[in-house]
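J.: no letters, just coordinates:
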């Protein structure tokens, strides 16, 4: 099995940070590229201007602040990476991105910011495990 592209979904949790560190090391060892992916809730479409644009700007600013520590890890390691911010449910977006962009592996945390949603394994992680068409490495 050859690993050239690793998808690293993050949500700002400690679990996703551990997964990102693991993904960075794996990418460095095998010479793979990584994509750091953050999914946010869709924008409320009922907002009119200027509130809609203000909401977008605030959400993008918060998303970029959340992504900065992950970017720093990859930047400092020298691993080739990109990042992306997408709107939608993570359990739908992650497998979709992995399939469309032909990722060889997904590396993600065992649970995220919403610990109550999945008592033993995070609900997003659980759903990605069952729907992704590529291998999923879950980091505790």
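T.: Received it, and whenever you're ready, just let me know what you need. Not measured: the values here are computed from a predicted model. Residues are numbered from 1 along each chain as shown.

J.: other residues contacting stretch 77-96?
T.: Residues outside stretch 77-96 that contact it (CB atoms under 8 Å, 6 or more residues apart in numbering): 7, 9, 11, 24-25, 27-28, 32-43, 60, 63-64, 67, 70-71, 74-75, 97, 106, 108, 112, 123-124, 127-128, 131-133. Where you see a C-beta, it was placed from the backbone N, CA and C, and this is true even at glycine.

J.: distance between stretch 92-107 and the chain's centre?
T.: 10 Å (CA atoms, centre = their mean, to the nearest Å).

J.: buried subset of the contacts of stretch 77-96, written for ChimeraX?
T.: One line in ChimeraX is enough to select the buried members of those, burial here meaning 16 or more other CB atoms under 10 Å:
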select :7,9,11,24,27,32,33,34,35,36,37,38,39,40,63,67,70,74,97,106,108,112,123,124,127,128,132
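
J.: just the ones in strands from the contacts of stretch 77-96, please.
T.: Under the assignment DSSP state E, these contribute 7, 9, 33-40, 106, 108 to strands.

J.: quick one: low-confidence ranges for the protein?
T.: Residues of the chain that meet the criterion pLDDT under 70 lie in 44-45, 47, 112-122.

J.: one more time with 90, if that's ok
T.: Judged against pLDDT under 90, the low-scoring parts of the chain cover residues 1, 41-57, 111-123, 140.

J.: show me the helices in this structure, by range?
T.: In the chain, the segments counted as helices under DSSP state H are 14-30, 51-77, 90-100, 123-131.

J.: and those helices as a markdown table, adding distance to residue 3?
T.: What follows is the helices of the chain, written out as a markdown table (distance: least, CB to CB, whole Å):
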| stretch | distance to residue 3 |
| --- | --- |
| helix 14-30 | 5 |
| helix 51-77 | 16 |
| helix 90-100 | 13 |
| helix 123-131 | 17 |
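
J.: compare the ones you listed and give me the one nearest residue 140.
T.: Nearest of the helices of the chain to residue 140, taken as CB to CB: helix 14-30 at 7.4 Å.
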